[in-house]
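K.L.:
no sequence on hand, only this structure:
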């Protein structure tokens with residue numbers, strides 16, 4: 001045990017440190033998604049650090065305490081010995097063939113990797129950057145015309161509920177609740193008589209129960225056909241960040257009329273896209289309003305001052321503060337207001353008479369020009385300019401977030417000249433995706449740099465660490481093939497798995513090269529050192545890889561339940577590790593033999 005521990009101490013320590021180096025940059029991931037994923041690399045790095053203590057101090061003591069006797073092996077031990085011998089013989093023969101035709105082997109591996117990466121470039125793998133497991137509930141948002149009473153809004157919500165119930169299968173819905181006067185959105189609650197909402201809670205998915213998306217798709221057309229509401233949309237709750245919709249475009253400008261015109265064009269374009277649905281905006285209508293404009297000609301003929309007309313209108317409305325007093329320590333204002341005529345509407349105010357200087361009278365409405373309309377429900381700003389936000393959902397099986405937003409950008413460039421002074425700001429998922437992709441690239445390069453420094457220090461070489469790092473693109477090849485076979489999407493969490501895989505995949509190459517260097521120091525030729533090291537280390541490499549694969553296999557294949565969040569991460573590690581192990585056992589010894597033969601020949605000169 002002491003001799004074995006001495007032999008594997010350096011490569012095992014290096015392997016663990018490289019894995020920690022690959023996981024540790026993920027803890028520096030910025031943004032809301034990085035905070036959501038912080039616990040994973042933290043737990044892994046802590047567990048790996050503790051495992052070193054177990055491997056170097058406790059495990060040798062266990063082996064010594066059991067006092068295993070190999071002089072009289074049992075049947076199981078004999079079968080294990082025969083299996084190990086068979087694997088070593090078959091592997092060595094295959095490796096000899098690869099070493100005999102080095103150029104052919106390298107070309108075949110390169111072509112295999114290029115063909116695999118081309119499937120990703122061809123779009124054969126679906127992109128779904130935020131593939132979270134959906135919460136088993138959804139909302140149906142109902143917006144009635146401004147001024148609709150609370151009772152009428154509730155009647156329409158109940159009509160939608162009755163239509164949805166006709167599409168429900170037994171055991172699918174836990175509860176349905178409809179209400180009016182309130183609508184919960186992803187950013188804020190909307191309160192008003194014209195807002196309504198239907199809350200649908202589903203049972204946990206089991207058997208042949210439909211997913212949330214399938215449920216919404218089955219009831220969408222029937223719910224949208226309910227007459228009365230000015231807008232009906234569906235809201236799904238995400239299982240994690242981001243909480244905004246895939247399409248979220250802020251249309252910015254200075255004039256709301258121009259902004260609304262641009263919003264109409266953008267929503268019309270989105271309506272033509274079959275992969276886009278639930279198109280909404282936050283330009284809410286307010287209550288009815290009356291705008292009164294001065295009729296200066298009428299005022300001049302009547303000989304009345306416009307300021308007096310404005311004061312009369314103010315007295316008929318809010319009134320005018322004429323004094324204030326203290327009552328029980330509080331300031332109380334005395335407000336004078338005109339007594340309303342019978343009817344109590346705005347027309348009765350306009351019928352009030354105004355006494356002129358000559359003793360005559362004229363109706364207040366004859367001095368003003370009224371116009372009726374709708375007030376704005378809210379005035380929103382973004383970066384110091386007025387803005388209206390257009391949001392929409394997409395069919396993530398048919399299109400990804402970046403492509404959907406790219407199409408909007410292309411269309412906007414075509415119609416930009418029709419909307420001078422208007423610009424678009426793309427936020428929502430697109431911002432989170434771009435931020436995460438940029439940081440992943442930086443942190444991946446940082447992690448690979450740490451691995452290179454650790455390997456360079458251990459092997460005292462500049463080129464041998466590069467041989468080891470070749471296993472990283474070979475692992476990526478396995479990831480792409482795994483996603484292609486399992487039909488899992490390429491998400492940001494799959495990329496996190498790839499970053500972590502870069503530290504796991506190099507372990508086999510570290511063990512191989514460390515064993516090869518040890519045999520070179522014993523005086524063997526590069527060819528013999530390569531063969532002996534590969535034959536010696538093939539079983540530990542296979543055992544290490546198989547244990548990792550076995551631990552993640554159920555999660556990757558969904559045997560215990562599929563997860564859109566953790567399934568792709570496990571798939572990336574499992575498939576990447578399988579292919580990288582196979583290719584490492586063939587390509588790394590070949591590169592080691594070529595490099596060391598060239599290096600020794602150069603030194604001999």
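P.N.:
On my side now, so go ahead. Just so it is clear, the structure is predicted and the values come from calculations on it, not from any experiment.
K.L.:
assign a three-state SS to the nearest residue to residue 303 once chain neighbours are set aside, would you?
P.N.:
Once flanking residues are discounted, residue 303 sits nearest to residue 357: 5.6 Å by Cβ to Cβ, 6 or more residues apart in numbering. All C-beta spots, glycine's among them, are computed from the backbone N, C-alpha and C. For residue 357, the assignment made with DSSP: H, G, I helix; E, B strand; the rest coil gives coil.
K.L.:
same question, residue 226
P.N.:
Quick answer, by three-state DSSP: residue 226 is coil.
K.L.:
tell me how far it lies from residue 158.
P.N.:
10 Å (Cβ to Cβ, to the nearest Å).
K.L.:
out of the two, which sits in the busier spot?
P.N.:
Using other Cβ atoms under 10 Å, the more surrounded residue of residue 226 and residue 158 is residue 226, with 17 against 13.
K.L.:
the stretch 251-400 of the chain: helices as residue ranges?
P.N.:
For the stretch 251-400 of the chain, the helices defined by DSSP state H, counting those that start in this stretch cover 256-272, 296-302, 306-316, 346-350.
K.L.:
I'd assumed residue 368 was in contact with residue 291.
P.N.:
No - in this structure residue 291 lies outside contact range of residue 368 using Cβ atoms under 8 Å: 9.7 Å.
K.L.:
of these two, who's got more company?
P.N.:
residue 368 (21 against 11).
K.L.:
how about the more buried one, nearest residue that isn't a chain neighbour?
P.N.:
Per Cβ to Cβ, 6+ apart, closest to residue 368 is residue 292, 4.6 Å.
K.L.:
tell me how far the one you found lies from residue 364.
P.N.:
In terms of Cβ to Cβ, residue 292 sits 9 Å off from residue 364.
K.L.:
which strands or helices does the helix or strand where residue 512 lies pack on?
P.N.:
If you go by DSSP states H and E, residue 512 is part of helix 506-521. Helices and strands touching helix 506-521, as assessed by 3 or more Cβ pairs under 8 Å, 6 or more residues apart in numbering; DSSP states H and E, comprise helix 2-23, helix 429-459, helix 464-469, helix 471-486, helix 526-557, helix 566-604.
K.L.:
mean confidence for the third one?
P.N.:
Looking back up the chat, that one is helix 464-469. The average pLDDT within helix 464-469 is 85.
K.L.:
the longest one too?
P.N.:
For helix 566-604, mean pLDDT rounds to 81.
K.L.:
list the buried residues in it.
P.N.:
Residues of helix 566-604 classed as buried: 566-581, 583-596 (neighbour count, 16 or more other Cβ atoms under 10 Å).
K.L.:
circling back to that earlier point, now the angle between helix 429-459 and the helix holding residue 512, please.
P.N.:
Here helix 506-521 runs at an angle of 20 degrees relative to helix 429-459 (axes from the mean of the first three to the mean of the last three Cα atoms, to 10 degrees).
K.L.:
quick one, what contacts residue 445?
P.N.:
Going by Cβ atoms under 8 Å, 6 or more residues apart in numbering, residue 445 touches no other residue.
K.L.:
dump the helices and strands packed on helix 506-521 to CSV, plus distance to residue 393.
P.N.:
Putting those into CSV (distance: least, Cβ to Cβ, whole Å) gives the following:
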stretch, distance to residue 393
helix 2-23, 34
helix 429-459, 11
helix 464-469, 41
helix 471-486, 24
helix 526-557, 28
helix 566-604, 21
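K.L.:
out of these, which comes closest to residue 79?
P.N.:
Residue 79 lies closest, by Cβ to Cβ, to one member of the helices and strands packed on helix 506-521: helix 526-557, at 14.4 Å.
K.L.:
tell me the buried residues in that closest one?
P.N.:
526, 529-538, 540-542, 544-545, 548-549, 552, 555-556.
K.L.:
re earlier: chain center to the helix holding residue 512: distance?
P.N.:
Here helix 506-521 is found 40 Å from its chain centre; the criterion is Cα atoms, centre = their mean, to the nearest Å.
K.L.:
for the record, mean pLDDT for it?
P.N.:
84.
K.L.:
Throw the helices of the stretch 251-400 of the chain into a markdown table and include mean neighbour count and mean pLDDT, thanks.
P.N.:
Below are those laid out as a markdown table (neighbours: other Cβ atoms under 10 Å; pLDDT from 0 to 100):
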| stretch | mean neighbour count | mean pLDDT |
| --- | --- | --- |
| helix 256-272 | 16 | 89 |
| helix 296-302 | 13 | 83 |
| helix 306-316 | 15 | 82 |
| helix 346-350 | 16 | 72 |
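K.L.:
can you lay out those as TSV showing distance to residue 97?
P.N.:
Below are these laid out as TSV (distance: least, Cβ to Cβ, whole Å):
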stretch	distance to residue 97
helix 256-272	58
helix 296-302	101
helix 306-316	98
helix 346-350	95
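K.L.:
and of these, who's closest to residue 116?
P.N.:
Among the helices of the stretch 251-400 of the chain, helix 256-272 sits nearest to residue 116 (Cβ to Cβ), with 35.3 Å.
K.L.:
now do the closest one: everything it contacts.
P.N.:
Contacts of helix 256-272 (Cβ under 8 Å, 6+ apart): 247, 249, 251-253, 276, 279, 281, 283, 376, 379, 386-388, 390, 392, 408, 411-412, 415, 418-422.
K.L.:
and it, how far from the chain's centre?
P.N.:
For helix 256-272, the distance to the chain centre is 27 Å (Cα atoms, centre = their mean).
K.L.:
just to check, residue 588 is in contact with residue 474?
P.N.:
No - Residue 588 sits out of contact with residue 474 when judged by Cβ under 8 Å, with a separation of 9.2 Å.
K.L.:
need the phi and psi values for residue 358.
P.N.:
phi -90, psi 10 (degrees, to the nearest 10).
K.L.:
just give me the neighbour total for it.
P.N.:
7.
K.L.:
now do residue 180
P.N.:
Counted with other Cβ under 10 Å, residues neighbouring residue 180 total 24.
K.L.:
and the helix or strand hosting it, which strands flank it?
P.N.:
Using DSSP H and E, residue 180 sits in strand 173-184. Applying DSSP bridges, strand 173-184 is found paired with strand 189-202 (antiparallel).
K.L.:
residue ranges in the stretch 301-450 of the chain under the pLDDT threshold?
P.N.:
By pLDDT under 70, the weakly predicted segments of the stretch 301-450 of the chain are 340-346, 374-375, 377, 428-432.
K.L.:
what do you get if the cut-off is 90, keeping everything else the same?
P.N.:
Scanning the stretch 301-450 of the chain for pLDDT under 90 picks out the ranges 301-407, 409, 412-450.
K.L.:
who are the contact partners of the closest residue to residue 552 other than its chain neighbours?
P.N.:
Closest residue to residue 552 apart from its sequence neighbours, by Cβ to Cβ, 6+ apart: residue 570 at 4.3 Å. By Cβ under 8 Å, 6+ apart, the contact list for residue 570 reads 497, 552, 555-556.
K.L.:
please repeat the previous calculation with a cut-off of 10 Å.
P.N.:
Shown in contact with residue 570 (Cβ atoms under 10 Å, 6 or more residues apart in numbering): 482, 488, 493-494, 497, 549, 551-558, 563.
K.L.:
do residue 227 as well
P.N.:
Counting by Cβ under 10 Å, 6+ apart, residue 227 has contacts 156, 159.
K.L.:
what's the neighbour count on residue 292?
P.N.:
19.
K.L.:
please look at it and residue 306 and confirm they touch.
P.N.:
No - counting by Cβ atoms under 10 Å, residue 292 stays clear of residue 306, with 11.6 Å between them.
K.L.:
who touches both of these two?
P.N.:
Shared contacts of residue 292 and residue 306, counting by Cβ under 10 Å, 6+ apart, come down to residue 367.
K.L.:
all helices of the stretch 101-250 of the chain, in order?
P.N.:
Using DSSP H, counting those that start in this stretch, helices in the stretch 101-250 of the chain cover 102-121, 150-165, 212-224.
K.L.:
in a markdown table, list these along with distance to residue 326 and mean pLDDT.
P.N.:
Listed next are the helices of the stretch 101-250 of the chain as a markdown table, based on distance: least, Cβ to Cβ, whole Å; pLDDT from 0 to 100:
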| stretch | distance to residue 326 | mean pLDDT |
| --- | --- | --- |
| helix 102-121 | 77 | 86 |
| helix 150-165 | 40 | 90 |
| helix 212-224 | 58 | 85 |
